[in-house]
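1. Structure for the following, please:
(one chain, ligands or ions: 1)
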Amino acid sequence: MAKDFQKEFVDFEKIIKKNNPHADINLIKKAYDFAELHHRGQKRNSGEDYFIHPIAVAINLSNMALDDQTICAGLMHDVLEDTDVSKEEMEKEFGKEITFLVDGVTKLKQIKFESKEEKQAENIRKMVLAMSNDVRVVLIKLADRLHNMRTLEYKTEEKQKQTARETIEIYVPLAHRLGIYTIKWELEDLCFRYLNPQEYYELAQMVHIKRREREAYINEIIETLDKALQSTKIDYEITGRPKSLYSIYKKMKRNDIEFDEIYDLTAVRVLVDTIADCYEVLGKVHSIWKPIPNRIKDYIGQPKPNGYKSLHTTVFGDDSKPFEVQIRTRKMHYECEYGIAAHWKYKENKTKSTEFDERLTFIRQILDWQKDGGKDINNKEFMEILKGDFFSREIYVYSPKGEIYNLPMNSCAIDFAYRVHTEVGNSCVGAKVNGKMVPISQKLHTGDVIEILTSKNSQGPSRDWLNIVQSNQAKSKIKQFFKKHSKEDNIEIGKELLDKEFKKHDSNYKKLIEDKFYDEVAGEFGFPTRDEMYASIGFGKTSVEQVIQKLIKKYKSENDTEVVEEKIDIPKTKAKSAYGSEIKVSDFDEDIEVKLAKCCNPVPGDKIIGYITKGNGISVHVRSCPNIVNLKTPERLIDVYWRNSRADKFPVRIEVITRDETGVLYQITKLMSSENVSIQAMNVRKNGDDEGLVDMTVQVLNIEELNDLLMKLKSLKQVENAYRVKI
Ligand code: MN
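-> Got it, this is the predicted structure:
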């Protein structure tokens, strides 16, 4: 029995009005009736009336807050193709703009994606052209694809797989590129379900079982955060957000881990009004829970190429169970959910939106490029440019079993091998792409099927691979391999590099610098021995330039320490610093304020020198502190000494370089507490692609205790290096 679509309109209208109170309901109702009339009698594969589909598409568009014209076009998007209505008739009823949109979608719909790449290129070229005329055409197409994917169960298995493949290869990257995450995630999950059904349902089952437990945990977190934020003036909203199945799956594959090891199945999201509020909330979060290094991502300071903005951090909750917190403004959130569509409104109101323009730049680039003789470039190249640069920073490839892997664009078989497993990467000797043997350095493309050939006799990765691979994962695993396997080589390379670098400076320095300076500089960088320092230089971790600078400074400071004696008025003040009593200033009484300089934080045992400040007493520096070495007013220096008796601990700033591994912060803080060292301040940030940097100020008794602590830190598995910071 046919549905009563007049009754149905009541609910439809409610949704439209909720999304846009000023919507032109008369116009929309006219399009609704027009489409319903012409589709009447047509059925979908599910047996339902065909018209439920255009309604669903129009609702998707309304949820993206698109304008009345787009919603009308959504309602009528299949009319020109599937009914007798002509373009002229529609234009007479609805005008040029709406008809243009429907016609655009109809043309796009005629694109049939073939497996042959050449054909696809032509199709995408059409799509891009349609998009450049009016991006709303492509948004309607995405809304259409979303509903078709949601109702894919009614199609044959073959059709399901074909549509899902086409969706993950074309529409998911398109949604990503346009920054429409809600649609991207939903499409990905739907594709995953039809392409890898067994894994999809297994995972869905596991997620379901843990749901209650997870929800309770998240509620607890929200409550704690809510309490902390109530004391601020921030207007905030906190919600728990389930992670999409496909992103969980990707993570398991990428990190080679089991479901049980995935901790951030749910993230907490905080929405606020201003950017300043975002950072304040981040600070609050870190004051309640300890952050994991490398997991603090500032996409506000550095937005993603598609315009995504947000702060992300992963912190340790109770029982060291980590979870993710995303913080962004309400505006950013809206733009992130609806991407380019969110900007459409601004454009329509003739308000300048540079972000919108930026997002469209890539389309313009294609057009310009076509004008400039681009017609000569064949479809295959065009396709590569689209798939690579313009559509996505990612490619999707398959294993011979049909499992999907996503890799950064320009990845090669080696990237794929390391994505599958570290051992597969380390023993990779060759690769087949789509059944053909190819060089392992050959670039992969979305849709490729890759088979990795391994050998037990493989000598491991080649150093050149570091220049070939694209993924950070492969890079860090290759580096790890070399680190383990050739320390001796690295020491030799390090020495050579140091020699070469000396030649860039005054080569006399090489002769002048005494052996003990090397040991001291190695110590300052936190290396237990000189060889360790050479190895780190050879490995490319420590900058040879920095080492030379320190050596030269050391030489200079040991050789120009004559202090010009001159009478200077010392400001008398009664104030004493906490540590002032630890230091004796030659020739002065106890009433001078003595402060430890913040730049170098001297610790008992350090060679120190005092600097007479203008009006703030004496600040005590380490003798090798660059501020002292490069001092323009040496006449203000004064000898100071450590007293023998002391009870207090001293603050020292140290830096710990960590590998991108979970649990590292926990290990560090655990060590601190077992060593009875208290942490005054801690700051965690990303240091390059696969490293974290923990910058902290700790309290130690003396230099011996500090060195001991640094040694212990370095012995931790996840710690690459630990050293005292000397600016
Ligand atoms: Mn449709």
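
2. residues near whatever residue of the stretch 101-250 of the chain ends up closest to the ion, how many?
-> With distances taken as Cβ to the ion, the stretch 101-250 of the chain approaches the ion most closely at Asp144, which sits 4.2 Å away. Quick note: C-beta positions are derived from backbone N, CA and C, even for glycine. Burial of Asp144 is recorded as 23 neighbouring residues (other Cβ atoms under 10 Å).

3. swap in Ile170?
-> Ile170 is surrounded by 21 other residues when neighbours are defined as other Cβ under 10 Å.

4. Please, which helix or strand holds the residue lying closest to Tyr249 once chain neighbours are set aside?
-> Spatially, and ignoring its direct neighbours in sequence, Tyr249 is nearest to Leu203 (5.9 Å; Cβ to Cβ, 6 or more residues apart in numbering). Per DSSP states H and E: Leu203 is located in helix 197-209.

5. Tell me the buried residues in that helix?
-> Residues of helix 197-209 classed as buried by neighbour count (16 or more other Cβ atoms under 10 Å): 199-200, 203, 206-207.

6. pretty sure Met437 is touching Gly430, no?
-> Yes - counting by Cβ atoms under 8 Å, Met437 sits close enough to Gly430 to count as a contact (6.5 Å).

7. the more surrounded of those two?
-> In terms of neighbours (other Cβ under 10 Å), Gly430 is the more surrounded of Met437 and Gly430; the figures are 14 against 11.

8. Please work out how many residues are found near the residue nearest to that one when sequence neighbours are not counted.
-> Once its chain neighbours are removed from consideration, Gly430 has its nearest residue in Leu453; the separation is 4.0 Å (Cβ to Cβ, 6+ apart). When neighbours are counted by other Cβ under 10 Å, Leu453 registers 16.

9. So, low pLDDT: which residues of the stretch 151-300 of the chain?
-> Within the stretch 151-300 of the chain, the set of residues satisfying pLDDT under 70 comprises 177, 179, 263-264, 266, 293-294.

10. Get me the contact residues on the stretch 1-150 of the chain for the ion.
-> Along the stretch 1-150 of the chain, the residues adjacent to the ion under the rule Cβ under 5 Å from the ion are 78, 144.

11. repeat that with 6 Å
-> Where the stretch 1-150 of the chain comes near the ion, counting by Cβ under 6 Å from the ion, the residues are 53, 77-78, 144.

12. for the helix or strand where Glu81 lies, packing partners?
-> Under DSSP H and E, the secondary-structure element containing Glu81 is helix 79-82. In this structure, helix 79-82 packs against helix 25-39, helix 87-109, with contacts taken as 3 or more Cβ pairs under 8 Å, 6 or more residues apart in numbering; DSSP states H and E.

13. Check what pLDDT the nearest residue to Gln473 once chain neighbours are set aside gets.
-> Distances taken as Cβ to Cβ, 6+ apart place Tyr418 nearest to Gln473, at 5.8 Å, with adjacent residues excluded. Tyr418 carries a pLDDT score of 90 in this model.

14. Next, find the distance separating the residue in the stretch 501-650 of the chain that the ion sits nearest to from Val397.
-> Using Cβ to the ion, the closest approach of the stretch 501-650 of the chain to the ion is made by Gly540 at 54.1 Å. Plainly put, Gly540 is 29 Å away from Val397 if you go by Cβ to Cβ, to the nearest Å.

15. Tell me which of these two has more neighbours.
-> Taking other Cβ under 10 Å, Gly540 and Val397 do not tie; Val397 has more neighbours (22 against 15).

16. you'd agree that one is up against Met409?
-> No - with contact taken as Cβ under 8 Å, Val397 and Met409 are classed as non-touching, separated by 11.1 Å.

17. Chain neighbours aside, what residue packs nearest to Thr274?
-> Closest residue in space to Thr274, ignoring its immediate chain neighbours: Thr329 at 6.4 Å, by Cβ to Cβ, 6+ apart.

18. wait, what's in contact with the one you found?
-> By Cβ atoms under 8 Å, 6 or more residues apart in numbering, the contact list for Thr329 reads 271-275, 277-278.

19. and which of those residues is nearest the ion?
-> Each of the contacts of Thr329 was scored against the ion by Cβ to the ion, and Leu271 proved nearest at 33.3 Å.

20. Remind me which helix or strand that closest one belongs to.
-> If you go by DSSP H and E, Leu271 is part of strand 266-272.

21. Adjacent strands (with direction) for that strand?
-> Each strand pairing with strand 266-272, determined using DSSP bridges, is listed with its direction: strand 237-242 (antiparallel), strand 322-329 (parallel).

22. Would you list the phi and psi of the residue nearest the centre of the chain?
-> The residue lying closest to the centre of the chain (Cα atoms, centre = their mean) is Lys297, at 5.7 Å. Comment: the main-chain dihedrals of Lys297 come out as phi -120, psi 120, following degrees, to the nearest 10.

23. quick one: it and Met332, what's the gap?
-> Spatial separation of Lys297 from Met332 under the definition Cβ to Cβ is 14 Å.

24. cool, Arg463 as well?
-> Spatial separation of Arg463 from Met332 under the definition Cβ to Cβ is 42 Å.

25. can you check Cys412 too?
-> In this structure, Cys412 lies at 35 Å from Met332, with Cβ to Cβ as the measure.

26. Check Glu89 too.
-> Distance of Glu89 to Met332, given as Cβ to Cβ: 43 Å.

27. can you put the helices and strands packed on helix 79-82 in a markdown table and add mean pLDDT and mean neighbour count?
-> Listed next are these as a markdown table, based on pLDDT from 0 to 100; neighbours: other Cβ atoms under 10 Å:
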| stretch | mean pLDDT | mean neighbour count |
| --- | --- | --- |
| helix 25-39 | 95 | 19 |
| helix 87-109 | 89 | 18 |
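
28. For those, please prepare JSON lines with the additional fields distance to Glu153.
-> Listed next are those as JSON lines, based on distance: least, Cβ to Cβ, whole Å:
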{"stretch": "helix 25-39", "distance to Glu153": "21"}
{"stretch": "helix 87-109", "distance to Glu153": "21"}
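
29. Those: which one's closest to Lys686?
-> If you check each of these against Lys686 by Cβ to Cβ, helix 87-109 wins as the nearest, at 40.4 Å.

30. what's the offset of that closest one from the middle of its chain?
-> Centroid displacement of helix 87-109 relative to its chain, using Cα atoms, centre = their mean, to the nearest Å, is 41 Å.

31. counting contacts, what elements does that helix pack onto?
-> With contacts defined as 3+ Cβ pairs under 8 Å, 6+ apart, the packing partners of helix 87-109 are helix 25-39, helix 68-75, helix 79-82, helix 117-133, helix 135-150.

32. relative to helix 135-150, how tilted is it?
-> With axes from the mean of the first three to the mean of the last three Cα atoms, to 10 degrees applied, the angle from helix 87-109 to helix 135-150 works out at 60 degrees.

33. how many degrees apart are helix 87-109 and helix 68-75 in direction?
-> Using the same axes, to 10 degrees, one finds that helix 87-109 and helix 68-75 are set 80 degrees apart in direction.

34. got the CA positions of helix 87-109 in PDB?
-> Output for helix 87-109, consisting of C-alpha atoms alone and laid out as PDB, is shown next (Å, rounded to 0.1, in the frame of the first residue of the first chain):
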ATOM      1  CA  LYS A  87      14.600  19.900 -18.100                       C
ATOM      2  CA  GLU A  88      12.500  22.600 -19.700                       C
ATOM      3  CA  GLU A  89       9.400  21.700 -17.600                       C
ATOM      4  CA  MET A  90      11.400  21.800 -14.400                       C
ATOM      5  CA  GLU A  91      12.900  25.100 -15.300                       C
ATOM      6  CA  LYS A  92       9.500  26.500 -15.900                       C
ATOM      7  CA  GLU A  93       8.200  25.400 -12.500                       C
ATOM      8  CA  PHE A  94      11.300  25.900 -10.400                       C
ATOM      9  CA  GLY A  95      13.600  28.300 -12.200                       C
ATOM     10  CA  LYS A  96      17.200  28.000 -13.500                       C
ATOM     11  CA  GLU A  97      19.100  27.500 -10.200                       C
ATOM     12  CA  ILE A  98      17.300  24.500  -8.900                       C
ATOM     13  CA  THR A  99      17.100  22.900 -12.300                       C
ATOM     14  CA  PHE A 100      20.800  23.400 -12.800                       C
ATOM     15  CA  LEU A 101      21.500  21.600  -9.600                       C
ATOM     16  CA  VAL A 102      19.200  18.600 -10.500                       C
ATOM     17  CA  ASP A 103      20.700  18.500 -14.000                       C
ATOM     18  CA  GLY A 104      24.200  18.500 -12.500                       C
ATOM     19  CA  VAL A 105      23.400  15.500 -10.200                       C
ATOM     20  CA  THR A 106      21.700  13.700 -13.200                       C
ATOM     21  CA  LYS A 107      24.900  14.000 -15.200                       C
ATOM     22  CA  LEU A 108      27.000  12.900 -12.300                       C
ATOM     23  CA  LYS A 109      24.700   9.900 -11.800                       C
END
